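Chemist: dropping the sequence and predicted coords here.
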Amino acid sequence: KEKVEITKEQQALVKVVVEAYNRHQIPQDVAKKLLQDQYSAEENFLLLTEMATSQVQVLVEFTKNIPGFLSLDREDQIALLKGSAVEAMFLRSAQVFSKKMPNGHTEVLEERIRKSGISEEFMTPMFNFYKSIGELHMVEEEQALLTTITILTPDRPYVKDQQAVERLQETILDVLRKMCVLQHPQDPQYFARLLGRLTELRTLSHYHAEMLTSWRVNDHKFTPLLCEIWDVQ
Ligand SMILES: O=C(Nc1ccccc1F)[C@H](C1CCCCC1)n1c(-c2ccc(Cl)cc2)nc2cc(F)c(F)cc21
């Protein structure tokens, strides 16, 4: 059985990515806000657009710390950001939802989200994804690396030099695979299950435009940045 070990430079890479991921952590307070009060569909829609807009700004800052990202072609950097922003937001939402909370809090949070204004048809795929992420009990390194892998997806629309992105993604995949073996020795399929979530994430993200335009509010107002990133307006 080959001895899996993480090299010094892989450890340095993980440290940089995890610190950037935590530094650019979206204020956890979206869950706290939702737990504090029941908001109207209008207030929830506004909260979502604010959170999603700040999430995109946070994502741009985070990518600057991904080793090699700034050496990519400038237009490819934009294509990767545009292509991964929605998935990164759902992945972040899933991680917020999966956080260990005092008894009964997760149920209240789920209830508040169910009543937030999103139309009924999206609840099942969305919460199935959130719960499947929760079941993985990811450590923060795995969360940060999984988000990085999502960003470094070579086959996003308009990416010209896919090989360059593939090389960066493979570097991250390699260290994540080793970390999973070391972190979950009892579950050799863990790494594969982790990557399987990215397929579920992509499927959920296909619904994002409809989830927004079908939100139970009269006027769906988006920020210019969201219009850029999300296929709305
Ligand atoms: O703020 C949000 N997500 C979010 C965005 C950026 C960074 C961090 C985030 F959590 C929204 C709120 C907004 C206010 C109304 C309820 C949903 N949100 C979603 C979500 C996101 C997008 C669509 Cl189309 C449908 C639901 N799923 C959530 C699960 C949670 F555990 C959570 F705490 C908030 C969540």
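Modeler: Now that the structure is in, tell me what you want to look at. Numbering: from 1, shown residues only.
Chemist: would you mind listing what in the protein touches the ligand?
Modeler: Applying CB under 6 Å from any ligand atom, we find that the chain lies next to the ligand at 26, 30-31, 34, 44, 47-48, 51-52, 55, 89, 92-93, 96-97, 109, 113, 116, 118, 208, 211-212. Where you see a C-beta, it was placed from the backbone N, CA and C, and this is true even at glycine.
Chemist: which among those residues count as buried?
Modeler: 26, 30-31, 34, 44, 48, 51-52, 55, 89, 92-93, 96-97, 109, 113, 116, 118, 208, 211-212 (16 or more other CB atoms under 10 Å).
Chemist: in strands, which of the residues you listed fall?
Modeler: Assigned to strands by DSSP state E, none of those qualify.
Chemist: hmm, back to that, restricted to helices, list the residues of the chain next to the ligand.
Modeler: Counting by DSSP state H, the members of the residues of the chain next to the ligand that fall within helices are 30-31, 34, 44, 47-48, 51-52, 55, 89, 92-93, 96-97, 109, 113, 208, 211-212.
Chemist: state the distance from residue 108 to residue 193.
Modeler: 28 Å (CB to CB, to the nearest Å).
Chemist: for the residue lying closest to residue 184 once chain neighbours are set aside, give me the pLDDT.
Modeler: Nearest residue to residue 184 in three dimensions, chain neighbours excluded: residue 190, at 4.0 Å (CB to CB, 6 or more residues apart in numbering). For residue 190, the pLDDT comes out at 97.
Chemist: what about residue 190, distance to residue 160?
Modeler: On the measure of CB to CB, residue 190 and residue 160 end up 34 Å apart.
Chemist: pLDDT of stretch 72-85, averaged?
Modeler: Averaging pLDDT along stretch 72-85 gives 97.
Chemist: contacts for that stretch?
Modeler: Applying CB atoms under 8 Å, 6 or more residues apart in numbering, the contact partners of stretch 72-85 are 55-56, 59-60, 63, 69-70, 150-153, 156-161, 164-165, 168, 228-230.
Chemist: with stretch 94-114 instead?
Modeler: With CB under 8 Å, 6+ apart, stretch 94-114 has contacts from 26, 28, 30-31, 34-35, 38-39, 123, 127, 129-130, 133-134, 138, 143.
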